[in-house]
Structure formats: C-alpha cells, structure tokens
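Sequence first, predicted model second:
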Amino acid sequence: MKVEIWGDVMCPFCYIGKRRFEDALQQFDGKEKVEVEWKSFQLNPQMKTDPSVNISQYLADVKGWTLEYAQQMNAHVTQMAAEVGLTYDFDRAVVANSFKAHRFSHFAKSKGLGDAAEEALFKAYFTLGKNTDDNETLAELGEEIGLDKNEVIGVLNSTTYSDDVKHDIAEAEYLGIRGVPFFVMNGKYAVSGAQAVPVFTQTLEKAYGEWQGEQAKPKLEVIDGPVCGPDGDC
C-alpha cells in the first residue's frame, strides 16, 4: 500500500510529523507492505536564500510579527520536536529556498533513497544549520546517504527533476492541499499535519484494510458452457 507524503524541508512540522508517522508505522502489523513516497511542496517559492539572515528575524519580517513573538513560536516548536527525539536549533537555521533541495530529493528517490534524503535534509536544516540550497552541501548529504557525489553535483548543475518537483506541486494543488505535512494513504484517506501517533495508526489500519480487500482475487459466479483450455482440449 502506498503512502504519499507532501512536505517541505523548511517546514518544522514536517520533520515532527515524519517521526510520529514512523512511530505509528513501526507499530503497524502490515508495515512490510507499506511503500512510502515523499512529494514536493513549497511553502514559500519566492524565498531568497540568504545565510546572513536569522530565521526568527525573517519570520518576523515576513509575517509581521515582533521578533520576540517569532522567537517564542520557534521555542514552542523546538519543544514539540524534543518530545519526539529531535533537536531543533533555529539560531543556526539558514534561510534557503527549497526548490533545489526538492530536486535533490527526487534524484535520491530515483535511486531508492527518497526517505533517507528527506531525513538528511530535515536534519541539515533544523539541527545542523546547513544551507540546503547549496550544491556542495547537498552533494555531501548525498554522499552520506549513499549517492555518488559527482552525480549529485551534475544533477544540481542542470535543471533535471525540475518538472518532477513542479508536477508534485501541481498535484498538491489539484488535491486541495494547502499545508504540509500532508499524508495520503492508498489514494483515499488523508491526514493533515503532525497529528498524534494514534491518528496515523487508525488511518493506516483503515486504509490498509481496504487495500487488502482490493488485492483479493475477485470471486465470480460462473455459468459453465463449452470452452477451450490451454492444454488444447475443446
């Protein structure tokens, strides 16, 4: 069963939601039959990468908040992250456009490393204070998860996977997704936001139960008549 997750590397709730979903999946009996696919979403496509700007000040300027309020909000989210074992350091976070990071993620997905790429990107952004719009940084992250560093640089120096990112964003718009993280299970059920683990568990069970039913061979009521079989008998 496929679970599609729309997210953005700069979204603090996406990393928290990833952990909570993983906790639910780990407890789920059918986890071996669940395929997770990450999809691209940009919260701020117009953002200009600027390592010199403090993220709290950036949020204050963009959202019209006071700096003190922005810092309080980040402190609150940092505490939420700590509750699921994550360490956020907003003082080190780099203001960076996420389009290139999404292209990197798509390349990693083509090599079967999509989830590893998302994990590396989130950690780089929220914990390590790395510039996720920088080619060398992304190449190093790629090498750490098993990608060829030169291949990563080649991809980033081109426009490869740009259309894939745009397709994900367009699909999100078609589905009416207005915020991330957004989890779609078996193309039928969705969970919006970094919900509590039981919410993911219940939705997984419901979606998986239906998915299993869809995999079952149809039982047909057959009216027998003259036929030819594969052994040549007619």
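Done, it's in.

going forward, measure contacts between C-alpha atoms and count neighbours the same way
OK.

Point me to the helix or strand that includes residue 233.
For residue 233, there is no enclosing helix or strand under DSSP states H and E.

whoops, I mixed them up, residue 128
In this structure, residue 128 sits in neither a helix nor a strand according to DSSP H and E.

For the residue nearest to the spatial centre of the chain, give the beta-bridge partners.
Closest to where the C-alpha atoms of the chain average out (Cα atoms, centre = their mean) is residue 38, at 3.9 Å. Counting by DSSP bridges, residue 38 is bridged to residue 5.

Could you double-check that it lies in contact with residue 4?
Yes - the criterion here is Cα atoms under 8 Å, and residue 38 meets it with residue 4 at 5.8 Å.

what residues does the helix of greatest length in the chain touch?
Secondary structure of the chain per DSSP state H: the longest helix is helix 197-215. Applying Cα atoms under 8 Å, 6 or more residues apart in numbering, the external contacts of helix 197-215 come out as 1, 20-21, 23-25, 28, 30, 185-186, 188-191.

Could you identify the buried members of those?
1, 20-21, 23-25, 28, 185-186, 190-191 (16 or more other Cα atoms under 10 Å).

Burial check on residue 64, number of neighbours?
Under the neighbour criterion other Cα atoms under 10 Å, residue 64 is assigned a count of 10.

change the start of the numbering to 857 and stick with it
Shifting the count to begin at 857 puts that one at residue 920.

Now do the phi/psi pair for it.
Reported as degrees, to the nearest 10, the phi and psi values for residue 920 are phi 80, psi 20.

same check, this time on the one 3 residues further on
With angles defined as degrees, to the nearest 10, residue 923 sits at phi -60, psi -40.
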